[in-house]
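A.B. asks: fold the following and give me the result.
(2 chains)
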Number of protein chains: 2
Amino acid sequence: MLEKIDLSRKLGKDEYRKTAPPLREKLGELQRRARAANVPIIIVFEGWEASGKGTLTNELILPLDPRGFRVHYVHSESEDSQNVYWPPMRRFWDITPPRGSIGIFSHSWYRAAMDEQPSGQGRMGEICDGISSFERQLAQDGCVIIKFFLHISKHEQKLRLKKMDSDLSSTWRVNEREWRENENYDAKAKKLDEMIQLTDRAYAPWTLVESHDRRHATVKILAAVTGMIEKKLDELESAALKETLQEADGPRDGQDEISILAKSTLSPSVLKNLDMGKKLCQAEYDAKLPKLQSRLRDLQYQLYKVRRPMVIAFEGQDASGKGGCIKRLTQKLDPRGYQVSPTAAPNDWERSHHYLWRFWTAFPKAGHIGIYDRSWYGRVLVERVEGFAREDEWRRAYGEINEMEAQWRGYGAIIAKFWLQVGEDEQMARFRERQQNPEKNWKITEEDWRNRDKWQSYEEAAEEMLLRTSTTYAPWTIVEANDKLYARIKVLRHAVSAAERALGIERPE
Amino acid sequence: MLEKIDLSRKLGKDEYRKTAPPLREKLGELQRRARAANVPIIIVFEGWEASGKGTLTNELILPLDPRGFRVHYVHSESEDSQNVYWPPMRRFWDITPPRGSIGIFSHSWYRAAMDEQPSGQGRMGEICDGISSFERQLAQDGCVIIKFFLHISKHEQKLRLKKMDSDLSSTWRVNEREWRENENYDAKAKKLDEMIQLTDRAYAPWTLVESHDRRHATVKILAAVTGMIEKKLDELESAALKETLQEADGPRDGQDEISILAKSTLSPSVLKNLDMGKKLCQAEYDAKLPKLQSRLRDLQYQLYKVRRPMVIAFEGQDASGKGGCIKRLTQKLDPRGYQVSPTAAPNDWERSHHYLWRFWTAFPKAGHIGIYDRSWYGRVLVERVEGFAREDEWRRAYGEINEMEAQWRGYGAIIAKFWLQVGEDEQMARFRERQQNPEKNWKITEEDWRNRDKWQSYEEAAEEMLLRTSTTYAPWTIVEANDKLYARIKVLRHAVSAAERALGIERPE
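C.D. replies: The predicted model follows:
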């Protein structure tokens, strides 16, 4: 594709003076509209070395209100020390713009793809899959994604590098890397073509910018940015209008049908068929607990040594014993190597990002254990049942979560997920006990009683979650939790064996 | 001091069983009280290698609700890659606990002091000064600071290291560093004595813990933690009670007197005596602007090469032209190396930390330029005038800000601060223009008009700020800003010469 681009395109001074200023003015206005509409915007600059990313970024940001954007310069993986500690996409999740603001990326998540050597085999597809999943998730969350590839010819690049090299104030910016790119220009162009093709999607299209002429490039970029933001804002407005009109027409019957259909195919079965009578006597518990705890502590050190992180997520009804399980799980662990993260309703700042953002940024460091008391599955449990997420949002979430966990697994993370199931009667007994015990009654709130009324809806949501997100790389373990002792031992046993399997340790027994 | 500690102290099993559980229960209750009272708590564990920091941390956290605390393991400076990029204390500001929660530190900001070689000369005092300023600022902000030094004898340490070394699951934790400490035990003990003495303050006292016996150490730690948290909470409650009683008594006259006294000694002078007629003609502006901009871009690269960060802060009345100055300042800069941070009212998450926290965490990376459209000086300007900060809080802030800037300067940062002064009439003219211009009227709000009514109070606050925070290492430049062209050139000129001075460049002219 790149070789077909007409790089001779230019814009005269007069034409530039006529076209650029109104586009700049419009951009300023669109920024304010996007802010008011709470729309996040991502603008990516990729391109050849010396293609003018810095200069063109500056041209773009001049009309912007600095309170509403942020420029990020993304280093190569090898230059960024963070990369050693976390899955590759984490550093990009971390810097996604909050709603209503603009993130501008000089280099971006395309770094790994851009750095792919012409001789490199096969990794490009994998890298681009990860990128597409990232961009699609953000786009579906309402983010406008605008990507520029700044294109110059081999000859032009050589001229620019020479010029930079001869100037005292810029010679330090020209290194072996830049010259090597120029030498391998043609082979690299093929790689870049592949990258662009694999990631050119309707929700995140590429705009190729002929960058020999600065004026032409500036206007093309301004026009693309304003055009795409305006389109999104107009769509949102007409959607809002349509909704108002439809509401006036009364409810849509079609939706109910779909819900009934979905329900019938998913009638609870797994959770209803559990043997809830499973028990453990105190003596057996006392014998097994310390052994498993010591074993887990050993495994913690081994994971630390091989730098593999472990993610342990707990979900389950109120009073199903998540806290007690976590306490036993961590009792003998080295506190410097694990972190318990309770998941509450998101705060303002978290809410202004994609719902998975806070879990990406809290991902445990290499070799550490992250334990979650409730988790990202809130999207398909409480948010679904309470209506905090729309139906299309929580339906989409199964796939999004699977993708996230697959990326974690790909990085080497061990993922163990526990669903703690208690019966309705047992829960009632625990609630009563909490209420009567002065040391525990802070644990029980109005909300717990309210949730109980929706038992059936929560159970349906849990069923569907278990069905759709039990993967080979991140399986759920269902824990019959009417008996606390049994539940704690089962959790510890499964955590231990998940770590052992991952470390390639086989145990008789 | 350390050699006088009686390390033979022990606690029998029976006594432990009697004392520990009620302390644990109390700790859980105090955590809930502290949460309700919004009190942040810091607990530091320092001590000899193999003194049991991990184990004792675990003993402490068992009764805690995991939703309310976080354990941080602090690496040595040399092991932490972040350290290369920012002033030393930044990484600790970053992880101060938000209000209502507990931060537990296994190693801490004492790392640099702990790592001081016995042969090291003179740095200890400097390191401890930085630490004391940090702890004092947090304590005055309401934080409870509890510090433990875990003490073991040279002999005991040797035994423990040998034991760890002989156990397969812990041998990797014993390295040259640990053995070297044991060899140099006596000399190091002197250094540690010095460190403890220099940083043992009423607001952040050390508790020495005899750590040969785990039960004794556990109980001592639990008792100290519960005691200090309880004391703080009781103080707060009685203070609240006192205030209620006093309010019932009517206003306190004494306070007004102090304010009048302060006012008379600080009657505006600097700002009133400015030559507000300073101007620049368009031709001169057009000639000077591009030269200064190019010069600043060159300097940006030079700063980048020597890895020195630059901080440029703008304060001034509404419509004094801060935005316009920032635009001209950044127009030719490489956008990958600077960041404009507008300072608005703090959001929820920011408010749950010390007011300087958000500025510490946003400090520019080594070699980058951070530009602030309003800044940490909001504490002594808007927060003072509008009553968002109490008088004792904003009075304390002058010293706190000076300390912060001194630490930045000590790290190598260049600090330039601009106060943009406009006259009341000029401001009114600009407000009117904004209101009439449809492209600018989003810039003017009700609040701007309200602030105008408090012109005199703002001017007094600005006067006092300029007086108290103009330091040799971070001087203010007052910019007569009635003429926008003059103001922009003055800002650029001063920014350029601040960078040149710091880089040791002398310029004729």
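
A.B. asks: and after the lowest-mean-pLDDT helix or strand in chain A, which helix or strand comes next?
C.D. replies: In chain A, no helix or strand scores lower on mean pLDDT, DSSP states H and E than helix A:253-265, which sits at a mean of 44. Per DSSP states H and E, the first helix or strand lying C-terminal to helix A:253-265 is helix A:282-306.

A.B. asks: list of residues touching that following helix?
C.D. replies: Contacts to helix A:282-306, defined as CB atoms under 8 Å, 6 or more residues apart in numbering or on different chains, come from residues A:280, A:309-310, A:328-329, A:331-334, A:337-338, A:367-369, A:414, A:485, A:488-489, A:492-493, A:495-496, A:499-500, A:503, B:169-170, B:172. In short, each C-beta sits where N, CA and C put it, glycine included.

A.B. asks: surely A:Glu135 is in contact with A:Ala202?
C.D. replies: No. Contact between A:Glu135 and A:Ala202 fails when scored by CB atoms under 8 Å: they sit 10.8 Å apart.

A.B. asks: who has more neighbours, these two?
C.D. replies: The neighbour comparison of A:Glu135 against A:Ala202 (other CB atoms under 10 Å in any protein chain shown) goes to A:Glu135, with 20 against 7.

A.B. asks: in three-state terms, label that one for me.
C.D. replies: Assigned state for A:Glu135: helix (three-state reduction, DSSP: H, G, I helix; E, B strand; the rest coil).

A.B. asks: shaky segments in the stretch 151-300 of chain A?
C.D. replies: Along the stretch 151-300 of chain A, the parts satisfying pLDDT under 70 run over A:246-268.

A.B. asks: switch to 90 and redo it
C.D. replies: A:167-177, A:202, A:237-275 (pLDDT under 90).

A.B. asks: can you tell me which of the contacts of helix A:282-306 are in strands?
C.D. replies: Here DSSP state E is the test, and those give A:Met310, A:Tyr338, A:Ile369, A:Ile414 as lying in strands.

A.B. asks: wait, what's in contact with the second one?
C.D. replies: The neighbours of A:Tyr338, taking CB under 8 Å, 6+ apart as the test, are A:Gln300, A:Thr330, A:Pro364, A:His368, A:Ile369, A:Gly370, A:Ile371.

A.B. asks: next one: the third one
C.D. replies: A:Ile369 makes contact with A:Gln300, A:Leu303, A:Pro309, A:Met310, A:Val311, A:Ile312, A:Leu333, A:Gly337, A:Tyr338, A:Gln339 under the criterion CB under 8 Å, 6+ apart.

A.B. asks: so which of those is the most crowded?
C.D. replies: That'd be A:Ile312 among the contacts of A:Ile369, by other CB under 10 Å, with 27 neighbours.

A.B. asks: name all residues that make contact with A:Gly47.
C.D. replies: A:Lys53, A:Phe148, A:Phe149, A:Leu150, A:His151, A:Ile152, A:Val209, A:Ser211.

A.B. asks: can I assume the second one sits in a helix?
C.D. replies: No. The assignment for A:Phe148, made by three-state DSSP, is strand rather than a helix.

A.B. asks: what segments of the stretch 351-500 of chain A are strands?
C.D. replies: For the stretch 351-500 of chain A, the strands defined by DSSP state E, counting those that start in this stretch cover A:369-373, A:414-421, A:476-480.

A.B. asks: typo on my end, the stretch 51-200 of chain A
C.D. replies: Under DSSP E, counting those that start in this stretch, the stretch 51-200 of chain A gives strands at A:69-73, A:102-106, A:144-151.

A.B. asks: orientation of the longest one relative to strand A:102-106 in degrees?
C.D. replies: This means strand A:144-151. Calculated by axes from the mean of the first three to the mean of the last three CA atoms, to 10 degrees, strand A:144-151 forms an angle of 20 degrees with strand A:102-106.

A.B. asks: re the thing from before, show me which of the contacts of helix A:282-306 are buried.
C.D. replies: By neighbour count, with 16 or more other CB atoms under 10 Å in any protein chain shown, the contacts of helix A:282-306 hold A:280, A:309-310, A:328-329, A:332-334, A:337-338, A:367-369, A:414, A:485, A:488-489, A:492, A:495-496, A:499-500 as buried.
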